[in-house]
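**Student:** my questions concern the predicted model and sequence given below.
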2 protein chains.
Amino acid sequence: MPNSKKVLELFYDVVSPYSWLGFEVMCRYRNVWNVDLKLRPAFLGGIMQGSGNKPPGLVPNKFLYMTKDLGRLAQYFSVPLSSPSDPFEAMFEKGSLAAMRFVTAVEEKTDGDAKVEKVSRELWKRIWSKDQDITQPASLTEAGLKAGLSASEVEELLKLAQSKPIKDKLKNTTQEALEYGAFGFPLIVCHVDGKPEAFFGSDRFELLAHCIGEKWVGPQPNTPAAKM
Amino acid sequence: MPNSKKVLELFYDVVSPYSWLGFEVMCRYRNVWNVDLKLRPAFLGGIMQGSGNKPPGLVPNKFLYMTKDLGRLAQYFSVPLSSPSDPFEAMFEKGSLAAMRFVTAVEEKTDGDAKVEKVSRELWKRIWSKDQDITQPASLTEAGLKAGLSASEVEELLKLAQSKPIKDKLKNTTQEALEYGAFGFPLIVCHVDGKPEAFFGSDRFELLAHCIGEKWVGPQPNTPAAKM
């Protein structure tokens, strides 16, 4: 029998807090909607450069609003998001290249999305919940172990993350996102009747649901109230 | 008895298509939620300058996405929005200063928001539905007449729109929006327990409803399905 599930691709980077919200919501809905969610770890720095976009935080009122908005959304979405003490340093100076190469290596070496999901979440928890580093090998190791990888697996993945094939794979995924029209993350691409429909950000779920013929019941679909 | 209604202020400019979506949704919900909606016509050009923000359309992928996004939202929100043939000329070269001074004069001279609502909608229909001018006196006159003003009222309002008190009133409203943290429109400021909570854009209604203790049932709350 043909697989009738609609495919949703989620392009994200763990440096992006709105991506975390989108990621958690989509991971919840993958079991509620008749969809096949594909996690597509990519590099936000490459998206900004490739699209010519500038980070929103450079406009003071926008930065203040984002901080407020993220706090409200984190609570409403039940995601333990909390800004790092120095968001500019964390996001733009330190960045996420090493982290996203590591996630790409995990994607390459493990079957399905389960480990990619867990490692990504552990990295988000570090940078966007506990104000911890995600650039050093020791940081990636900690995230990997918490995600259930063995010490020897992590060691192998750290090495693999430095290889040309993995660097190229991350570049290619980022390029794919740009070709879908990305100028930031998250970008969710729904494949509906063979046509891709791209949704940017974590504020189009109701519209997205409408487009794929599913129902949006809020950010926590697995709670009894939402299931009613 | 004290008025227990929560006050929502909607800061907008008719040059902004996302403001039109927010405006229609709030005009529908003003009769559904226990709120007192205050329309606050302001000047987007002043917000961009005052906040140092840049129009999103300058990044090509963002511009393409906005066009797509607006089309999808217009359909889902049931607002007859359609892009002008030259959005850059309409939004940035011609702009909305004369139009928003006219709306401010309407606000000054009429009781309540009813006429402000109608004139604003007619102006949006011109620029964001019929690809018509909103800068010339003849254009403002047509919008005013369609909104139910008499020819002599329109004439008086056009004159008033050029006066210093009206120019200052529009400046002051724009300044107020900046002080609430605006970097674009629409900005909806909810007064909850004496504290202002600002929401930017037309994609936070579900969260806004949650914050004021009301229920979001989609962009068309007055349809039988939404009322069930």
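**Tutor:** Right, received. Where do you want to start?
**Student:** enumerate the residues of chain A near chain B.
**Tutor:** Along chain A, the residues adjacent to chain B under the rule C-beta under 8 Å from any C-beta of the partner chain are A:51-54, A:59-62, A:64-65, A:68-69, A:72-73, A:76, A:178, A:181-183, A:198, A:200-201, A:203-204, A:206-207, A:210-211, A:218. Using the backbone N, CA and C atoms, a C-beta is placed for each residue, glycine as well.
**Student:** show me which of those are buried.
**Tutor:** Among the residues of chain A next to chain B, those classed as buried by neighbour count (16 or more other C-beta atoms under 10 Å in any protein chain shown) are A:51, A:53, A:59, A:61-62, A:65, A:69, A:72-73, A:76, A:178, A:181-183, A:198, A:200-201, A:203-204, A:206-207, A:210-211, A:218.
**Student:** can you pull out the strands in chain A?
**Tutor:** Using DSSP state E, the strands of chain A run over residues A:6-12, A:35-41, A:187-192, A:195-200.
**Student:** nearest to B:G95, out of those strands?
**Tutor:** Counting by C-beta to C-beta, B:G95 lies closest to strand A:195-200 out of the strands of chain A; the figure is 26.5 Å.
**Student:** and that closest one, C-alpha only, in PDB?
**Tutor:** Output of strand A:195-200 as PDB, limited to C-alpha atoms (Å, rounded to 0.1, in the frame of the first residue of the first chain):
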ATOM      1  CA  LYS A 195       4.000  20.800  -4.200                       C
ATOM      2  CA  PRO A 196       6.200  22.200  -1.500                       C
ATOM      3  CA  GLU A 197       4.500  24.800   0.800                       C
ATOM      4  CA  ALA A 198       7.000  26.600   3.000                       C
ATOM      5  CA  PHE A 199       6.200  28.100   6.400                       C
ATOM      6  CA  PHE A 200       8.600  30.300   8.200                       C
END
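**Student:** that strand - contacts with which helices or strands?
**Tutor:** In terms of contact count using 3 or more C-beta pairs under 8 Å, 6 or more residues apart in numbering or on different chains; DSSP states H and E, strand A:195-200 is assigned the packing partners strand A:187-192, helix A:205-211, helix B:60-77.
**Student:** contact partners for A:Q162?
**Tutor:** A:R101 (C-beta atoms under 8 Å, 6 or more residues apart in numbering or on different chains).
**Student:** A:Q175 versus that one, what's the distance?
**Tutor:** In this view, A:Q162 and A:Q175 are 20 Å apart by C-beta to C-beta, to the nearest Å.
**Student:** ok, now A:D113?
**Tutor:** Distance of A:D113 to A:Q175, given as C-beta to C-beta: 21 Å.
**Student:** which of the two has more neighbours?
**Tutor:** When A:D113 and A:Q175 are compared on other C-beta atoms under 10 Å in any protein chain shown, the one with more neighbours turns out to be A:D113, at 20 against 16.
**Student:** count of neighbours near the residue lying closest to A:W20 once chain neighbours are set aside?
**Tutor:** Counting by C-beta to C-beta, 6 or more residues apart in numbering or on different chains, A:W124 is the residue found nearest to A:W20 once chain neighbours are left out, at 4.6 Å. For A:W124, the count of nearby residues is 27 (other C-beta under 10 Å).
**Student:** isn't A:W124 right next to A:D13, touching?
**Tutor:** No: with contacts defined as C-beta atoms under 8 Å, A:W124 does not count as touching A:D13, sitting 10.0 Å away.
**Student:** who's in contact with A:L145?
**Tutor:** With contacts defined as C-beta under 8 Å, 6+ apart, the neighbours of A:L145 are A:A151, A:V154.
**Student:** cutoff 6 Å now
**Tutor:** Contacts of A:L145 were listed using C-beta atoms under 6 Å, 6 or more residues apart in numbering or on different chains, and none were found.
**Student:** for it, report the pLDDT, please.
**Tutor:** In the predicted model, A:L145 carries a pLDDT score of 98.
**Student:** same thing with A:N3?
**Tutor:** Predicted confidence (pLDDT) at A:N3: the value is 59.
**Student:** now A:M228
**Tutor:** On pLDDT, A:M228 comes in at 40.
**Student:** ok, and the closest non-adjacent residue to A:P87?
**Tutor:** A:G57 (6.9 Å).
**Student:** for A:E24, that is, sorry about that
**Tutor:** A:V79 (5.1 Å).
**Student:** kindly report the same for A:M48.
**Tutor:** For A:M48, ignoring the flanking residues on the chain, the nearest one in space by C-beta to C-beta, 6+ apart is A:P55 at 6.8 Å.
**Student:** against chain B, how distant is the one you found?
**Tutor:** 12 Å (C-beta to the nearest C-beta, to the nearest Å).
**Student:** what about stretch A:170-189, how long is it end to end?
**Tutor:** End-to-end distance for stretch A:170-189: 17 Å, by C-alpha to C-alpha, to the nearest Å.
**Student:** buried stuff in that stretch?
**Tutor:** Neighbour-count burial for stretch A:170-189, counted by 16+ other C-beta under 10 Å, picks out A:170, A:173-178, A:180-189.
**Student:** cool, and stretch A:189-197?
**Tutor:** Along stretch A:189-197, the positions that meet the burial threshold by neighbour count (16+ other C-beta under 10 Å) are A:V189, A:C190, A:H191, A:E197.
**Student:** per-residue pLDDT, the residue nearest to the second one when sequence neighbours are not counted?
**Tutor:** The one in question is A:C190. Counting by C-beta to C-beta, 6+ apart, A:E197 is the residue found nearest to A:C190 once chain neighbours are left out, at 4.7 Å. The per-residue pLDDT reported for A:E197 equals 97.
**Student:** surely A:E197 and A:H191 touch.
**Tutor:** No: in this structure, A:E197 sits apart from A:H191 without contact. The criterion is C-beta atoms under 6 Å, and the distance is 7.9 Å.
**Student:** and for the closest residue to A:P219 other than its chain neighbours, the neighbour number?
**Tutor:** Of all residues beyond its chain neighbours, the one nearest A:P219 is A:F77 (4.3 Å), with distances taken as C-beta to C-beta, 6+ apart. Taking other C-beta under 10 Å as the criterion, the count of residues near A:F77 is 20.
**Student:** measure A:F77 to A:M26 for me?
**Tutor:** For A:F77, the distance to A:M26 equals 12 Å [C-beta to C-beta].
**Student:** one step back: redo the helices and strands packed on strand A:195-200 as a markdown table? Include mean pLDDT and distance to A:E107.
**Tutor:** A markdown table is the format used below for the helices and strands packed on strand A:195-200 (pLDDT from 0 to 100; distance: least, C-beta to C-beta, whole Å):
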| stretch | mean pLDDT | distance to A:E107 |
| --- | --- | --- |
| strand A:187-192 | 96 | 17 |
| helix A:205-211 | 96 | 23 |
| helix B:60-77 | 95 | 24 |
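**Student:** good, wrapping up.
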